[in-house]
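> Here's my sequence, what's the structure:
(one chain, ligands or ions: 1)
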Amino acid sequence: MVSLPLPWYVAVEEGCQLLAAAGFKELKETEKWNVKPNNKYYVTRNKSTLIAFAIGGNYQPGNGFAILGAHTDSPCLKVKPISKKMREDFLQVGVECYGGGSWHTWFDRDLTIAGRVIIQNGKSIAQRLFHINKPILRIPNVAIHLERDMGTKFEWNKENHLTPILATKITEELLTSAKPHKSPDFPKIAENHHSCLISAICGELDVSVESIIDFELCLTDTQPAAIGGLFDEFIFSPRLDNLHSCFCAIKGLVNSTKSESFETDTMIRMMSLFDNEEVGSETAQGGQSTLQELIMRRLCSAQNHNVLAYEESIPKSLMVSCDMAHAVHPNYTEKHEDQHKPNFHKGVVIKTNQNQRYATTAITGAIMRKIAELGGVSVQEFVVRNDTPCGSTLGPLMSAKLGIPTVDVGAAQLSMHSIREMCDTTSVKMTCDLFESFYKNYSSISAQLEL
Ligand SMILES: [Zn+2]
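Sure, this is the predicted structure:
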């Protein structure tokens, strides 16, 4: 999943496949659930949020949840509802910025589109994922000869200068005039976009233009992820933030259920991968929604009539909020606080912030250190400089909403929110091992707490 140059719907789809292959059964929110201990399940919302849970063999309602939280989305450019643009005989595609991307890194990249199309399929309405596997779009830089400051300062306007080129008018006319595309019932959605773009999508999916009801198209880099560095110790890839965490969460959960500890576990092992973290999480499928609580309540009430089982479960639970961390940058060392410089190969980062931009407390930090020790995983510390604003994660907002003690962790990376990011290969194994240890050991560590 980390290596796929595709947007998050595909990550969710891949996650579902990995879980299904490991024996997790799909549940629908719309249906009645009949869940049992020693069984594993997953559910999606909007096909962009994925929640999985494995119910320990000795689970009783009112017992705690061991929850890993991460986000599936990443900053990207998305095609506007009316994207057809033409300037100086160039066919261009209007795009909207999703999240806080380092947009300057999108210039001079070989781009394509991927995403989901909603189609009428007979009597049903269905989602189809697609990806055009060649560079069809580009946002060219202006030449340094025409913008003399380019070499020292690069300024651009998100509305005016980020519009990619799709084709030229002359070529489009030459190649498409012989086969007119319009039919009498050509739907409006197709009129809002260049017909050659719509044709390319229809060709990719092998569907008719008339069957498309709506779509959500993301621009992506065509360059595949790569292992890099002289000693093959780095990963260069789009969307490490936060598909790295999602991948490790799935692996950690799946691996933990293969051990004997699952059959005797008194808790529910849960993994919540939410959409829309990069834009504030306040959506039906985001971390600010009621989704997490609704699912936990369902699980608490599944087997008996203890009406307070949910309330009892909250203080017994722990949420590990996992999002990528800032590794120290050798060219910008002054950006990090002197004593807190997470680096490659040195462990998973525990993030702390006294202004509560991260949710870690002394207690949740202590539990995480025990979990790391039992899993044989090193940890590193991060606090932001006092004179620098601190980023945040799902951790504070979900712990405040649910009242669940939470710790913020993540693997160290560089180039966060760039079109192409960078981390080290060992962080994948360390994070997988940490999460597996969390699921295996949390219930026994929790039993030791005199708090
Ligand atoms: Zn993130």
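> Only C-alpha atoms from now on, for both contacts and neighbour counts.
Fine.
> got the residues of the stretch 251-400 of the chain near the ion?
Proximity of the stretch 251-400 of the chain to the ion, by Cα under 5 Å from the ion, involves residues residue 323.
> What is the helix or strand containing residue 446 packed up against?
In this structure, residue 446 sits in helix 426-448 according to DSSP states H and E. Where contact means 3 or more Cα pairs under 8 Å, 6 or more residues apart in numbering; DSSP states H and E, helix 426-448 is packed against strand 65-71, helix 240-257, strand 348-351, helix 362-375.
> most neighbours per residue, which of those?
strand 65-71 (a mean of 27; mean count of other Cα atoms under 10 Å).
> Remind me what the next helix or strand after that one packs against, helices and strands.
Downstream of strand 65-71, the next assigned helix or strand under DSSP H and E is strand 76-87. On a contact count with 3+ Cα pairs under 8 Å, 6+ apart, strand 76-87 meets strand 90-98, strand 212-221.
> Test my guess that residue 45 contacts residue 286.
No: assessed by Cα atoms under 8 Å, residue 45 is found out of contact with residue 286, at 9.5 Å.
> related to what we said a few turns ago, can you check which of the helices and strands packed on strand 76-87 gets nearest to residue 41?
strand 212-221 (27.7 Å; Cα to Cα).
> residues making contact with the closest one?
5-7, 76-79, 109-120, 189, 238, 419 (Cα atoms under 8 Å, 6 or more residues apart in numbering).
> Just the angle for that strand relative to strand 76-87, thanks.
Strand 212-221 and strand 76-87 meet at an angle of 100 degrees, taking axes from the mean of the first three to the mean of the last three Cα atoms, to 10 degrees as the criterion.
> okay, strand 212-221 in CSV with CA atoms only?
Only the C-alpha atoms of strand 212-221 are listed here, as CSV (Å, rounded to 0.1, in the frame of the first residue of the first chain):
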residue,chain,number,x,y,z
ILE,A,212,-21.4,8.3,-15.0
ILE,A,213,-23.4,10.1,-12.3
ASP,A,214,-20.5,11.8,-10.4
PHE,A,215,-16.9,11.4,-9.7
GLU,A,216,-14.1,12.4,-7.4
LEU,A,217,-10.8,12.8,-9.2
CYS,A,218,-7.4,13.3,-7.6
LEU,A,219,-4.2,14.3,-9.3
THR,A,220,-1.3,12.1,-8.5
ASP,A,221,2.4,11.8,-9.4
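> thinking again about what came up before, output the helices and strands packed on helix 426-448 in a markdown table; the columns should cover mean pLDDT.
As requested, those are arranged in a markdown table below (pLDDT from 0 to 100):
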| stretch | mean pLDDT |
| --- | --- |
| strand 65-71 | 98 |
| helix 240-257 | 97 |
| strand 348-351 | 98 |
| helix 362-375 | 97 |
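> Just send the ones you listed back as JSON lines, with distance to residue 98 too.
Converted to JSON lines, these look like this (distance: least, Cα to Cα, whole Å):
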{"stretch": "strand 65-71", "distance to residue 98": "14"}
{"stretch": "helix 240-257", "distance to residue 98": "14"}
{"stretch": "strand 348-351", "distance to residue 98": "25"}
{"stretch": "helix 362-375", "distance to residue 98": "32"}
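> Compare the ones you listed and give me the one nearest residue 302.
strand 65-71 (14.5 Å).
> any residues touching the closest one, and which ones?
Under Cα under 8 Å, 6+ apart, the answer for strand 65-71 is 242-243, 245-246, 249, 267-277, 313-314, 316-323, 394-395, 435, 438-439, 442-443.
> following the helix or strand of the chain with the lowest mean pLDDT, which helix or strand shows up next?
Within the chain, no helix or strand scores below helix 188-191, which has a mean of 78 by mean pLDDT, DSSP states H and E. Heading C-terminal from helix 188-191, the first helix or strand you meet, by DSSP H and E, is helix 195-205.
> quick revisit: roughly how far out does the least confident helix or strand of the chain sit from the chain middle?
Remark: helix 188-191 is offset 30 Å from the chain centroid, using Cα atoms, centre = their mean, to the nearest Å.
> okay, now the residue lying closest to residue 279 once chain neighbours are set aside: neighbour count?
Once flanking residues are discounted, residue 279 sits nearest to residue 99: 5.3 Å by Cα to Cα, 6 or more residues apart in numbering. Neighbour count of residue 99, defined by other Cα atoms under 10 Å: 17.
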